[in-house]
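Enquirer: Give me coordinates for this.
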Amino acid sequence: MVLLAGLLAGAGFAAQSPRSGLDVAGLDRSIAPQDDLYAHVNAAWLKRTAIPDDRVTFSAFAQLIDKTDHDLRQLIEETAARPSRPRGSPAQQVADLYASMTNVEEIERRGAGAIRPQLERFEAMRSARDVAAEAGYLSSIAAGGPFGGLVGIDPLNPGVPVVRITQGGILLPDREYYLKDDPALAAIRAAYVSYLTKIFGLTARATPAEDARAVLAFETELARVSWTEAESRNLSATYTRFTLRQLAAEMPGFDWAAWARPQGIDRSPAVILAQPSFFKAFAALIPTVPVATLRAWLLSRYVTAAAPYLSRDFDLARYDFFGVTLTGQERPRERWKRGVSMVNTFLGDALGRLYVEKHFPDTTRTRVQKILANVITAYREALRESAWLSASARREALEKLSALSTGVGSPTQWRSYRGLEILPDDLIGNWQRGLTFDNQYRLGNIGGTAGGEWALPPQTVNAFYSPGVNEIVLPAAIFQPPLFDPAADDAVNYGAAGSLIAHEIGHAFDDRGRRYDGSGAVRDWWTPADAQQFAERVARLTAHLNRYEPLPGLHVDGPLAVAETLADVGGLAMAFRAYRLSLKNGRAPVLDGLTGDQRFFMGWAQMWRAKERDAYVRSTLRTNAYLPPMLRANAAVGHVDGYFDAFGVKPGNRLYIAPAERVRIW
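Expert: The predicted structure is shown next:
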C-alpha cells in the first residue's frame, strides 16, 4: 500500500484541533505520574466504572468493541429491513444468520435433537481407528477436534503447501489446572467433572458421572505431556516436519492416516508438529485408553463447542462452568451481541464492507497512514543507529522494513461467501455449514488467504503482524476513541494507536521476527553476537517482570510475558520518536495543562485502563503472553527515557529505573 506522506503534518493539524484526546475526568491528580502513571491517568475512571455483569473484564478496548457491536447491529438491522434480499446474496446471508441466533423459540424447539446426527456418529465408534477418523472429521469442521491446525506455505520450502498442527485435547485453560496440587484448582477440577456429567446427561449417555471421571483422567494424562505456553513460543523448537508415513513409523499408536483423510491433510506432502514430544506421547497413550472413554472425550469437546448454538440447558451448562466458575462472569452475553459475533465470524467481510463504508472515512485512513509512515521512519532511523545489531543484521533489518506490506482500514480484496447456505431457522446447521465452508476455503487456498484478503475483518478491534508475509494489518475498528480520535491533537493518538502500530512492527525484528526475512521465508539473519545481545536484554526484562504480583501470591510468568512486553517497550519508544518526528522541530501546544510529551505517555496509559475479575486474572495469567492491562502501562514506561524527561522522574520515585538498568531495544 502506498503511504501518504506530507499530509496533516503534526504541528499544523494540532493548531486546528486543540482537543487533547485525554479523558480528563478519569485522572486522579493526587497520584503522582512519577510513582504510578497508570493510576494517575485512570484511577477516577476505575472508581466510577463497573464491570458489566456479562463481562469478566472491561477496558478501553471493550469500550471500542461495545461501540462497534452497536454499529454492526444497526447495519445488520438495516440490511434485514431491505425489501429485496435475493437468496444467496450477502444481504440475505447477513440478515438470516443473525436471525438464526436470535430466534430463541426455534432453538428451544429443536433441543438436543439439533445434534442428534453427530451424537449417532459418536455412538457408532467401535475402534481406535474410528476414534482417529472422527477426531479428524471434527477438526475438519473446527467443531471440537483435539488439535489446532493451520494450512499454509512451508517457510523452509517456499511454494510447497504444508499443515502446522498444535497440541490440544484439554478443555481447562492450562496444564496446571490438571496437575497442580492447589485447593482452588482442585475445586475447579471437581466443578469440571460436574459440568461433564451434566452435558453427558443431556446427551442421554448411560453412565454420565463415570464418563466424566474417565475424561478428566485422560485429559490429565494429556496435560502431563503438554508443553507450557512459554515452551510453545520457541519457534526453533516448534518446527518439526513429518510426512504421514513418518508419523506412522515414529509415533505409533494413533492412526494418522485415518485422522488426516477427513481434513484433506493427506494431500499435503508434510505436517509440521509444533510440539513433537506431545504428539508422540499422545499416540502412545491412545491404545491404553478404552474406546468408550475416547468416545466420551470427543463428545465432550463437540458439545462444548456446539453449546452456544443449542438450547438453553446446554448453553447455560457451558456458561456456568466456563463463564462463572473459571472467569467470574456474572451474566451471559445478550443474545443480540452473540448474533453480531456470529455474523462477524462467518460473514466477516460481507459485514465489514458495510462497516467501512459508513464508519471509516478517507480522512481517518489518511491520518492513520501518516502516523504509520512516521513510525516506519522512526524504525528506519533507529535500525541504522542500533549499537547492538551487527552491520549485516542492520542491513537485513532495513531491507525487511523496506519490504513491509501495510494494510490500513480494510483489505484490497473482499472475500466472497457464494455457496454458503444460511437459513433463518437453523442455527446449529448454519454453524456447522459455516465451519465446513471456511475449512474448505482454507484448504482450497492452500497458501493462506488470497492476495489482498485479511485474516481478520476490518471491524475487528485489533492489529497484527504476519511474519510469513511480512505484513502489518490495521483494521478500521481499532481507530476510535480512546485509542484514536480523528478530531484530537496528535500526542495522545501517537501514544495509543501509534504505540500499537509500532508494537506490531517491532515483531518483525525480535527473537521470532529475526527468523523470517523480508520475503517471509524462514532464514535467521542474526549473528550469534546479535542473539547474545538480545538474550541479555530479555534476561533483564524477565527479571523485572517476575517481580510483578497482580494478585497476592500470584506472580507474573516472566518468560511467558517477556516477548510481548519487549514489543511494548520497543513500540512505545518508537512511537515517541515518531511523534517527535511529526512535530518537524516545532513545539506541541499545551492542552489541559499538559505538554505534548506528557500527553503522549498519558495516552499510552489511558489505552490500558481496565478492570478485571480476580478469577479471570487467575485463569489467564499462566496462558496469556500479555501482562494484565493494569501492569502494561507502568511496565513499559520505566524503560523509555522520554517518560523520565516528560515528568521529571527521579531516584526515589516508584517508577524510577536507573539508566543502566533500563532495557532498550530501539
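Enquirer: CA atoms for contacts and neighbours, from now on please.
Expert: OK.
Enquirer: and stretch 337-355, how far out from the chain's middle?
Expert: Centroid separation for stretch 337-355 versus its chain: 17 Å, with C-alpha atoms, centre = their mean, to the nearest Å.
Enquirer: Tell me the secondary structure of I272, please.
Expert: At I272 the chain is in strand, as set by DSSP: H, G, I helix; E, B strand; the rest coil.
Enquirer: One more: P269?
Expert: Applying three-state DSSP: P269 is coil.
Enquirer: Do I have it right that it meets V162?
Expert: Yes - assessed by C-alpha atoms under 8 Å, P269 is found in contact with V162 at 6.7 Å.
Enquirer: Tell me which of the two has more neighbours.
Expert: Remark: of P269 and V162, V162 carries more neighbours, 24 against 14, as counted by other C-alpha atoms under 10 Å.
Enquirer: is it true that that one lies in a strand?
Expert: Yes - assessed by three-state DSSP, V162 belongs to a strand.
Enquirer: Settle this for me: it is touching D266, isn't it.
Expert: No - counting by C-alpha under 8 Å, V162 does not reach D266; the two are 10.3 Å apart.
Enquirer: Common neighbours of these two, please.
Expert: Listed as contacting both V162 and D266 by C-alpha atoms under 8 Å, 6 or more residues apart in numbering is no residue at all.
Enquirer: Could you give the number of residues near R523?
Expert: Residues contacting R523 under the criterion other C-alpha under 10 Å number 15.
Enquirer: try P659
Expert: Residues lying near P659 (other C-alpha under 10 Å) number 12.
Enquirer: Could you check how far it is from K650?
Expert: Remark: distance between P659 and K650 (C-alpha to C-alpha, to the nearest Å) = 11 Å.
Enquirer: name the element K611 belongs to?
Expert: If you go by DSSP states H and E, K611 is part of strand 610-612.
Enquirer: Mind listing the strands that strand pairs with, and their directions?
Expert: Paired with strand 610-612 in the same sheet, following DSSP bridges, are strand 57-59 (antiparallel).
Enquirer: Give me the buried positions along the helix or strand following the strand it pairs with.
Expert: Using DSSP H and E, the helix or strand that directly follows strand 57-59 along the chain is helix 60-80. Within helix 60-80, the residues scored as buried using 16 or more other C-alpha atoms under 10 Å are 60-61, 64-65, 68-69, 71-73, 75-76, 79-80.
Enquirer: Just the closest of those to S466, please.
Expert: Nearest to S466 among the buried residues of helix 60-80: F61, at 21.6 Å, using C-alpha to C-alpha.
Enquirer: For that closest one, which non-adjacent residue is spatially closest?
Expert: Excluding the flanking residues, the one nearest F61 by C-alpha to C-alpha, 6 or more residues apart in numbering is V461, at 7.2 Å.
Enquirer: and the residue nearest the centre of the chain, what element?
Expert: Per C-alpha atoms, centre = their mean, the C-alpha nearest to the average position across the chain is that of N462, at 7.9 Å. Assigned by DSSP H and E, N462 belongs to no helix or strand.
Enquirer: can you pull out the helices in the stretch 1-150 of the chain?
Expert: 10-16, 37-48, 60-80, 90-102, 104-110, 116-123, 128-140 (DSSP state H, counting those that start in this stretch).
Enquirer: got the CA positions of the last one in PDB?
Expert: The C-alpha coordinates for helix 128-140 follow below in PDB (Å, rounded to 0.1, in the frame of the first residue of the first chain):
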ATOM      1  CA  ALA A 128      -9.200 -46.700  17.800                       C
ATOM      2  CA  ARG A 129      -9.300 -46.200  14.000                       C
ATOM      3  CA  ASP A 130     -12.800 -44.900  14.300                       C
ATOM      4  CA  VAL A 131     -11.600 -42.500  17.000                       C
ATOM      5  CA  ALA A 132      -8.900 -41.200  14.800                       C
ATOM      6  CA  ALA A 133     -11.200 -40.700  11.800                       C
ATOM      7  CA  GLU A 134     -13.800 -38.900  14.000                       C
ATOM      8  CA  ALA A 135     -11.100 -36.700  15.500                       C
ATOM      9  CA  GLY A 136     -10.000 -35.800  12.000                       C
ATOM     10  CA  TYR A 137     -13.600 -35.100  11.000                       C
ATOM     11  CA  LEU A 138     -14.200 -32.800  14.000                       C
ATOM     12  CA  SER A 139     -11.000 -30.900  13.200                       C
ATOM     13  CA  SER A 140     -12.100 -30.600   9.600                       C
END
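Enquirer: Which of the helices and strands in this structure ranks last by mean pLDDT?
Expert: Among the helices and strands of the chain, helix 10-16 carries the lowest confidence by mean pLDDT, DSSP states H and E, at a mean of 39.
Enquirer: Count the neighbours of the residue nearest to F61 for me.
Expert: So V461, with other C-alpha under 10 Å, has 19 neighbours.
Enquirer: again, but for F509
Expert: Applying other C-alpha under 10 Å, I find that F509 has 24 neighbouring residues.
Enquirer: which residue sits closest to the residue nearest to the centre of the chain in space, ignoring its chain neighbours?
Expert: I478 (6.0 Å).
Enquirer: Show the contacting residues for that neighbour.
Expert: For I478, the contacting residues are L64, Q459, T460, V461, N462, A463, F484, by C-alpha under 8 Å, 6+ apart.
Enquirer: if you set the cut-off to 7 Å instead, what comes out?
Expert: The contact partners of I478, taken as C-alpha atoms under 7 Å, 6 or more residues apart in numbering, are T460, V461, N462.
Enquirer: Reformat the residues you listed as JSON lines; add pLDDT.
Expert: As requested, the contacts of I478 are arranged in JSON lines below (pLDDT from 0 to 100):
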{"residue": "T460", "pLDDT": "96"}
{"residue": "V461", "pLDDT": "95"}
{"residue": "N462", "pLDDT": "94"}
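Enquirer: Show me what counts as buried in stretch 377-388.
Expert: Buried residues in stretch 377-388, counting neighbours by 16+ other C-alpha under 10 Å, are found at T377, A378, Y379, R380, A382, L383, W388.
Enquirer: Need the worst-confidence member of those residues.
Expert: Lowest pLDDT among the buried residues of stretch 377-388: W388, with 95.
Enquirer: Can you get me a residue count around T228?
Expert: Counted with other C-alpha under 10 Å, T228 comes out at 15.
Enquirer: Show the backbone phi and psi for it.
Expert: When read as degrees, to the nearest 10, the backbone of T228 gives phi -70, psi 170.
Enquirer: which residue packs closest to it, ignoring adjacent ones?
Expert: Closest residue to T228 apart from its sequence neighbours, by C-alpha to C-alpha, 6+ apart: R175 at 7.5 Å.
Enquirer: what's around the one you found, how many residues?
Expert: 23.
Enquirer: ok, the residue nearest to N462 to T364 distance?
Expert: From I478 to T364 the distance is 11 Å (C-alpha to C-alpha).
Enquirer: What distance do you get for S140 to A133?
Expert: S140 is 10 Å from A133, where distance means C-alpha to C-alpha.
Enquirer: who's more crowded, the two?
Expert: S140 (25 against 22).
Enquirer: mind giving me the domain split of this structure?
Expert: Listed domain ranges for the chain are 10-54+361-409+460-661, 111-333 (source: automatic domain parsing).
Enquirer: so how far is the first one from its chain's centroid?
Expert: Relative to the mean C-alpha coordinate of its chain, domain 10-54+361-409+460-661 is positioned 17 Å out (C-alpha atoms, centre = their mean).
Enquirer: got it, and stretch 253-261?
Expert: 30 Å.
Enquirer: What lies in contact with that stretch?
Expert: Stretch 253-261 is contacted from outside by 129, 132-133, 135-136, 244, 247-248, 266, 283-284, 286-287, using C-alpha under 7 Å, 6+ apart.
Enquirer: And stretch 264-283, by the same measure?
Expert: Here stretch 264-283 makes contact (C-alpha under 7 Å, 6+ apart) with 161-167, 222, 225-227, 238-244, 251-254, 260.
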